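J.: structure for the following, please:
(chains A and B)
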Amino acid sequence: MLKPLLRAPLYNLARRTGRLRPLPTNLTFSVSYRCNSTCQTCNVWRKRVADFTLDEYERTFRSLGHAPYWLTFSGGEPFLRRDLVDIILAAYRACRPGIINIPTNAILTSRVVEGAERLTREAPDAQIVINLSLDGIGARHDELRGVRGNYTKLCATYAGLRELRAPNLTIGIHTVVSRLNIAEFEALHEHVRRELKPDSFITELAEERVELDTIGLDITPEADAYQRVVDRLVADADAEPAEGVAGIAQAFRRHYYDIARRTLAEQRQVLPCYAGIASAHVAPNGDVWTCCIRAEPMGNLRDTGYDFRRVWETTRADELRASIKRGECHCPLANAAYSSMLCDPPSLLRVARNFLKAKTRARHVRAS
Amino acid sequence: MQPLVLRSAVARHTAAVAALPQALTIEDGNDRDGIPALTGELPRSASRPLRLVLRVHNAAGVPIVAGETRVDAGATRIEFRDLRALGIEAYAHVPAEERVRIARRIWSRRAYGVIESGA
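T.: All right, here's what the predicted structure looks like:
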């Protein structure tokens, strides 16, 4: 956590001046668009491109050096790639990240559990975060994600991951809050808290993204309805205040929910966005994007001999950063928002205040 | 159909060559690929040949459609006839009519356009 915080002033300066181009600390790699879910809130499973090979990833990771601290390997469904763990371990060896995050639909139970076991063993200095996507309870989850039996498989995967008891494994539940499930959110949230009890529960707004080809799908909930979700999440955090590292994560999450709510209501860039500066996204074919919302290529790694810096320093990359800085786009994308919060001094103050308040509440809860 | 409103993001060297229109007309019924052609007139003729790049954005400012055109020196007519939905290349494997449906869905979210230029 210290590494990105120490680099934050550098990113802040880069955004202000537009002259420095430090490599990003937060990188997402979509390893394939292929997916064995057919979600009502996502069309990525319908897309096809020529995916990077393991060798291409290894060359890219070497060019990044130790800059990335937080790596996400997403898709499509990342575990559909049989070489996923080899790709991630190549990143671990080359970049030495502190956090490796893998979202999954949890359908391929044995592959997810065996993969997590190998990752926690062979990448001992990284926190491995496996986030299982859960959008409804039971058959409703299956319906939203277009796969019969998905919920049962998710529960089996969750149980398998729990049995690993690896100290560097975090098991999370990730819910996409859309128009389709927002009315059921309270019940779902309660179910997660009481039945599954994951290490973390994160929610994200369903958005119209170029990457997922959801532009034109009416999936984003109304601001008022989302406000009620945020109120509920905040109330629960207040009732169960966390301490230590979990408390810090909770303080960030609380601030994120407020940003997401305000972004939806005010339709503007509430938090100065550091996408394209502190964070970036690499598409399965090697296109480098500032983020998956805009999904506009700065360049392609195949055209630069897999040298990330050469893509990062193109004129197009500078144009995209300038456009984002001017506030020409706005979104509540969680992944980019967290690194933006780290680089934004007012946000850090807010997070610190959230943390201290929670600490005080925790003391009261213990005392009572 | 309402014209596509343009926001100014024109490079200085373009402004010196030609002023740009405030909006582009949507050529109704001319959307075989799912996205119609867009046309407009420069307020005064271009003093040099121009390459214009159009990006159409949704209400969140996210570019969703793009294309480019050329304007000859002395001409005023702008025509964007080969606009494409961003990311549509990942649908090369689906039938053409399916790609048209996808492009129409994306086009339905248009909010405004921005023209940038090459020399």
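J.: pull up the residues of chain A that are close to chain B.
T.: A:33, A:46-49, A:208-211, A:213, A:215-217, A:267, A:293-296, A:327-331 (Cβ under 8 Å from any Cβ of the partner chain). C-beta coordinates here come from the backbone N, C-alpha and C atoms, glycine included.
J.: out of the residues you listed, which are buried?
T.: Buried members of the residues of chain A next to chain B, counted by 16 or more other Cβ atoms under 10 Å in any protein chain shown: A:33, A:46-49, A:208-211, A:213, A:215-217, A:293-296, A:328-331.
J.: low pLDDT regions in the chain?
T.: Just going to use chain A. For chain A, applying pLDDT under 70 flags the ranges A:1.
J.: could you do chain B instead?
T.: Across chain B, the ranges flagged by pLDDT under 70 are B:8-18, B:30, B:118-119.
J.: what do you get if the cut-off is 90, keeping everything else the same?
T.: Filtered on pLDDT under 90, chain B yields the residue ranges B:1-3, B:6-22, B:28-33, B:43-48, B:50, B:116-119.
J.: get me the contact residues on chain B for chain A.
T.: Within chain B, the positions near chain A by Cβ under 8 Å from any Cβ are B:57-64, B:85-87, B:89-94, B:102, B:105-109.
J.: try 6 Å
T.: Residues of chain B lying close to chain A by Cβ under 6 Å from any Cβ of the partner chain are B:Ala60, B:Gly61, B:Val62, B:Ile64, B:Leu86, B:Gly87, B:Ala90, B:His93, B:Arg105, B:Ile106, B:Ser108, B:Arg109.
J.: determine which two of those are furthest apart.
T.: Distance extremes for the residues of chain B next to chain A: the farthest pair is B:Gly61 and B:His93 at 30.1 Å, using Cβ to Cβ.
J.: who has more neighbours, these two?
T.: Neighbours per residue (other Cβ atoms under 10 Å in any protein chain shown) separate B:Gly61 from B:His93, with B:Gly61 holding more: 23 against 10.
J.: quick check, the more buried one in contact with A:Arg326.
T.: No: using Cβ atoms under 6 Å as the test, B:Gly61 is too far from A:Arg326 to be in contact (9.4 Å).
J.: ok, what's across the strand from A:Thr72?
T.: When bridges are called by DSSP bridges, A:Thr72 pairs up with A:Thr28, A:Asn101.
J.: separation between it and A:Glu208?
T.: 20 Å (Cβ to Cβ, to the nearest Å).
J.: filter the residues of chain A next to chain B down to the ones in strands?
T.: Among these, DSSP state E puts none in strands.
J.: contacting residues for B:Ile106?
T.: Each residue near B:Ile106 by Cβ atoms under 6 Å, 6 or more residues apart in numbering or on different chains is listed here: A:Ile215, A:Gly216, B:Ile64, B:Ala85.
J.: can you give me the helices for chain B?
T.: Secondary structure of chain B (DSSP state H): helices located at B:12-17, B:96-107.
J.: and for the residue of the stretch 151-300 of chain A found nearest chain B, nearest residue in space, chain neighbours not counted?
T.: Nearest residue of the stretch 151-300 of chain A to chain B (Cβ to the nearest Cβ) works out as A:Gly216 at 3.7 Å. Leaving aside its chain neighbours, A:Gly216 sits nearest to B:Arg105 (3.7 Å; criterion: Cβ to Cβ, 6 or more residues apart in numbering or on different chains).
J.: tally of neighbours for the one you found?
T.: 17.
J.: that one contacts A:Leu217, correct?
T.: No: B:Arg105 is beyond contact range of A:Leu217, at 7.5 Å (criterion: Cβ under 6 Å).
J.: do a quick rundown of the strands in chain B.
T.: Counting by DSSP E, the strands of chain B are B:4-8, B:23-26, B:38-41, B:50-57, B:63-71, B:77-80, B:84-85, B:112-118.
J.: could you dump those to JSON lines with mean neighbour count and distance to A:Tyr338?
T.: What follows is these, written out as JSON lines (neighbours: other Cβ atoms under 10 Å in any protein chain shown; distance: least, Cβ to Cβ, whole Å):
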{"stretch": "strand B:4-8", "mean neighbour count": "15", "distance to A:Tyr338": "30"}
{"stretch": "strand B:23-26", "mean neighbour count": "18", "distance to A:Tyr338": "38"}
{"stretch": "strand B:38-41", "mean neighbour count": "20", "distance to A:Tyr338": "38"}
{"stretch": "strand B:50-57", "mean neighbour count": "20", "distance to A:Tyr338": "25"}
{"stretch": "strand B:63-71", "mean neighbour count": "20", "distance to A:Tyr338": "24"}
{"stretch": "strand B:77-80", "mean neighbour count": "18", "distance to A:Tyr338": "38"}
{"stretch": "strand B:84-85", "mean neighbour count": "20", "distance to A:Tyr338": "30"}
{"stretch": "strand B:112-118", "mean neighbour count": "19", "distance to A:Tyr338": "29"}
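J.: and these as CSV, adding distance to A:Glu204?
T.: Conversion of these to CSV gives the following (distance: least, Cβ to Cβ, whole Å):
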stretch, distance to A:Glu204
strand B:4-8, 29
strand B:23-26, 34
strand B:38-41, 34
strand B:50-57, 22
strand B:63-71, 21
strand B:77-80, 35
strand B:84-85, 24
strand B:112-118, 27
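J.: with adjacent residues omitted, what lies nearest to B:Ile102?
T.: The shortest distance from B:Ile102 to any non-neighbouring residue, by Cβ to Cβ, 6+ apart, is to B:Tyr91 (6.1 Å).
J.: burial of that neighbour, as a residue count?
T.: By other Cβ under 10 Å, neighbour count at B:Tyr91 equals 19.
J.: and the gap between it and B:Arg101?
T.: 10 Å.
J.: check the contact between A:Gly76 and A:Asn36; I expect there is one.
T.: No: A:Gly76 is beyond contact range of A:Asn36, at 8.8 Å (criterion: Cβ under 6 Å).
J.: neighbour-wise, which of the two wins?
T.: Set side by side, A:Gly76 and A:Asn36 show more neighbours around A:Gly76, with 23 against 17, by other Cβ under 10 Å.
J.: just give the nearest non-adjacent residue to the more buried one, would you?
T.: Spatially, and ignoring its direct neighbours in sequence, A:Gly76 is nearest to A:Cys35 (4.2 Å; Cβ to Cβ, 6+ apart).
J.: check contacts around that neighbour.
T.: A:Cys35 neighbours (Cβ under 6 Å, 6+ apart): A:Val44, A:Trp45, A:Gly75, A:Gly76, A:Glu77.
J.: switch to 8 Å and redo it
T.: The contact partners of A:Cys35, by Cβ atoms under 8 Å, 6 or more residues apart in numbering or on different chains, come to A:Cys42, A:Val44, A:Trp45, A:Gly75, A:Gly76, A:Glu77, A:Leu80, A:Asn105.
J.: likewise A:Val288?
T.: Going by Cβ under 8 Å, 6+ apart, A:Val288 touches A:Ala280, A:His281, A:Val282, A:Pro297, A:Met298, A:Gly299, A:Asn300, A:Leu301, A:Phe308, A:Val311, A:Trp312, A:Ala317.
J.: the third one against A:Ser30, yeah?
T.: By that I understand A:Val282. Yes: using Cβ atoms under 8 Å, A:Val282 is in contact with A:Ser30, at 7.0 Å.
J.: in terms of neighbours, single out the busier of the two.
T.: The residue with more neighbours, out of A:Val282 and A:Ser30, is A:Ser30; 26 against 22, by other Cβ under 10 Å.
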